[in-house]
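Colleague: Got a predicted structure plus its sequence, pasted below:
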Amino acid sequence: MIPDGIDDEDKWLAEGIAGVQHHAFYMHRALDANNLREALKYSALMLSELRTSKLSPHKYYELYMRAFDELKRLEMFFKDESRHGVSIVDLYELVQHAGNILPRLYLLCTVGSVYIKSKEAPANDVLKDLVEMCLGVQHPIRGLFLRSYLSQVSRDKLPDIGSEYEGDVDTVIDAVDFVLQNFTEMNKLWVRMQHQGPGRIREKLEKERSELRDLVGKNLHVLSQIEGVDLEMYKETVLPRVLEQVVNCKDELAQYYLMECIIQVFPDEYHLQTLETLLNACPQLQPTVDIKTVLSQLMERLSNYAALNIDVLPEFLQVEAFAKLNGAIGRVIEAQVDMPILGAITLYVSLLTFTLRVHPDRLDYVDLVLGACVKLLSGKPKIEDNRATKQVVALLSAPLEKYNDTVTALTLSNYPRVMEHLHNETNKVMAIVIIESIMKNNTCISTADKVEVLFELIKGLIKDLDGTCADELDEEDFNEEQNSVARLIHMLYNDDPEEMLKMICTVKKQIMSGGPRRLRFTVPPLVFSALRLVRQLQGQDGAIVGEEVPTTPKKIFQLLNQIIEALSSVSFPELALRLYLQCAEAANNCDLELVAYDFFTQAFVLYEEEIADSKAQVTAIHLIIGTLQRLTVFGVENRDTLTHKATGYSAKLLKKPDQCRAVYACSHLFWVDDQDGIKDGERVLLCLKRALRIANAAQQMASVTRGSSGPLTLFVEILNKYLYYFEKDNPQITSAAIQGLVELITAEMQSESTSVTSDPFFSSTLRYIQFQKMKGGVMGEKYASIKV
């Protein structure tokens, strides 16, 4: 039956439309002939086509619209008494003699419209008569369309304030009663539609019912347009009667749609002043009604109202809007025991959005909403539903976006408690959101207590939760997460050294519990934050007598030693060595020789015991040499010890070229331009000669293994070092030594049958010497004896 139904419906619709057109044709002839009796006869026959029960609502609507268009023409005929010669009062009586009730009532509504317009009877009396007469049709679809027609023809004839149909006494209540009565009956018919077919096609019936919802909703729109419906009448009459019908119909579709209509069609001011009445109806709705959407729409409208009209904000406080909404949500959740967690959280997201827009200064309200969520989630397993998880993230993100200040969120006691109910992955997502908010708004976290709370919020990033292991994570994702934490550490600052030290200690405690894999990301920013504090305190070198021991560079360096030691013990020796050297340089600037020496000692220990890779050794030794060359705090003995160590390690590198470069780099340890006393020309010369020997050995080794000596780059590099010290007036570096080295390189190149110009580095060096000779002055005289 169902598969053939669509074809049958089309056939029945075509037959109905053909019948309407056939009878309408004869009705038009009668109208043209001003023949009232024939016009009524054929109009009744035409309207009889609407008595069918075979059509779906969609198809019935098409048929109804054909008849509706014809009724408009008939109404024009009824208005002109000169054409039919019958008074409107008699005509009103005459049409009631039609044989079938449906055509009779359509004709009655049509004539009734003309009757009201003639003003020969009070509008409220005619409307009351019409709305009660329509009770005669109880078939859901036929009754709905009949009453929709009544609403259509009467909407501009209601006895409203300022209307031409307003009576001598207060007739606004009659207009309201008429619309409410029509609305009530239409809603009953609409609800009954669900019982008009077998249960197996219930889904189809519900879809058909949904298509007709606007017929019922238009009544509420008409109510909202009545000028006489002021706040008092809305509060005392309109809203209670509409809600009574909504609650009593006990139909999910009707309740949801009508609540939505109430919120959309009536003014925001009315909603605000009748909030309690509207909210009290919500827990009485069917458990399956999507109440979260209804309440969310209500809160959105109210918050928009507040945003566009700042003057009304005191009214929100006066009516205690937040308390009422919060209480209503609690009652709805309690009443709808089967409400999924998604729905409940969505309600609180909407409430929080409302709060942040209407009461942004009331952090206690924000915390109350978060607290309600904590209560909701307590005792339940962590959220599995992805959509619910997104709503929790939206809930937690809202305060960050509103205040542009994460510090404000840190004052909310329930904020971290909500985060505890997120799964580990979502917890990390939320932690990233918090960090991004701090970075975007350049928020400075300035107390140890706030740091403690902040790191509790982002603990998903700084430690493994519930047995999860960092090794299981995607490498790229893990690196990005930890880089976020590193950026965050740079945002922790306070001008007060005592508080800043407390903050550093708090961060240290947190990151040390994060496992070895995270330390290479989190330790460096913490070290540099501590070094920033050291620079701030530069010049203090001991405890001051008093009740409290103040923050001093020494105390910070002790802390730094512990932090870097933790890093060096978990397979990141190269990074630890770099940080030790940074600390040594900072100690040098504070004039703390023993502290700087200790950091250098730690660096050398790491080099000896932990760094085995030859490339890493080369990098490390150059870092050591470069740092040591810049330090000025060491006495002769300590400096000699460290310099000896550096030169010794340089000569022990695996590859001869690396040895050579490290050894000639050590020459800078004995010649520092900006400090008196460290200008030991002899030891500079020793380093350079040693580098030459190593370069020569490397050349011979290359000749044995490859059959040719290869490029003379090392010799040219050493030549450039000679020129550097020659210009710095090192007495041990003479023009003869330079001349000899130039000739050595030239001879080597000739023995290899290579022209001087084929080596760009050497030819460029020779051009430089020539340039200095031609320059004249003191430098020209120095270079004059060198022949190239």
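Modeller: That came in fine, so what should we check first?
Colleague: Tell me which residues touch H423, please.
Modeller: Residues near H423 by C-beta atoms under 8 Å, 6 or more residues apart in numbering: 382-384, 389. All C-beta spots, glycine's among them, are computed from the backbone N, C-alpha and C.
Colleague: In PyMOL, how would I pick out whichever of those are buried, leaving the exposed ones unselected?
Modeller: The PyMOL command for the buried members of the contacts of H423 (criterion: 16 or more other C-beta atoms under 10 Å) is given here:
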select buried, resi 383+389
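Colleague: what's the lowest-pLDDT member of the contacts of H423?
Modeller: Lowest pLDDT among the contacts of H423: E384, with 80.
Colleague: I'd guess that residue is in a helix, am I close?
Modeller: No. E384: not assigned to a helix; according to DSSP: H, G, I helix; E, B strand; the rest coil it is coil.
Colleague: any idea how far it is from T426?
Modeller: With distances taken as C-beta to C-beta, to the nearest Å, E384 is found 11 Å from T426.
Colleague: if we can go back for a sec, among the contacts of H423, which one sits closest to G626?
Modeller: T389 (50.6 Å; C-beta to C-beta).
Colleague: where in the stretch 101-250 of the chain is pLDDT low?
Modeller: Where the stretch 101-250 of the chain drops to pLDDT under 70, the residues are 168-169, 196-201.
Colleague: just the strands in it please.
Modeller: Using DSSP state E, counting those that start in this stretch, the stretch 101-250 of the chain contains no strands.
Colleague: ok so, going back, can I get the contacts of H423 in a markdown table including distance to G330?
Modeller: Shown next, in a markdown table, are those (distance: C-beta to C-beta, whole Å):
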| residue | distance to G330 |
| --- | --- |
| K382 | 23 |
| I383 | 20 |
| E384 | 24 |
| T389 | 22 |
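Colleague: which of the contacts of H423 lies closest to I718?
Modeller: Distance to I718 across these (C-beta to C-beta) is lowest for T389, with 65.1 Å.
Colleague: Which other helices and strands does the helix or strand containing that closest one contact?
Modeller: In this assignment (DSSP states H and E), T389 forms part of helix 386-403. Contacts defined by 3 or more C-beta pairs under 8 Å, 6 or more residues apart in numbering; DSSP states H and E place helix 386-403 against helix 341-358, helix 363-377, helix 406-410, helix 415-419, helix 424-440.
Colleague: try it again with 6 Å
Modeller: Counting contacts by 3 or more C-beta pairs under 6 Å, 6 or more residues apart in numbering; DSSP states H and E, helix 386-403 packs against helix 341-358, helix 424-440.
Colleague: any idea how far M299 is from K235?
Modeller: 20 Å.
Colleague: do P283 as well
Modeller: Relative to K235, and taking C-beta to C-beta, P283 is found at 20 Å.
Colleague: okay, the two: which has more neighbours?
Modeller: Higher neighbour count among P283 and K235: P283, with 18 against 14, using other C-beta atoms under 10 Å.
Colleague: Please name the residues that touch that one.
Modeller: 331-332, 335 (C-beta atoms under 6 Å, 6 or more residues apart in numbering).
Colleague: Following element in sequence after the longest helix belonging to the chain, please.
Modeller: Using DSSP state H to define each element, the chain has its longest helix at helix 2-32. Downstream of helix 2-32, the next assigned helix or strand under DSSP H and E is helix 36-48.
Colleague: What residues sit buried inside that next one?
Modeller: Those would be 36, 39-48, for helix 36-48 by 16+ other C-beta under 10 Å.
Colleague: And stretch 276-288, how far out from the chain middle?
Modeller: Distance, stretch centre to chain centre, for stretch 276-288: 32 Å (C-alpha atoms, centre = their mean, to the nearest Å).
Colleague: Helices of the stretch 401-550 of the chain, start to end?
Modeller: In the stretch 401-550 of the chain, the helices defined using DSSP state H, counting those that start in this stretch lie at 406-410, 415-419, 424-440, 448-457, 459-462, 475-489, 497-511, 516-536.
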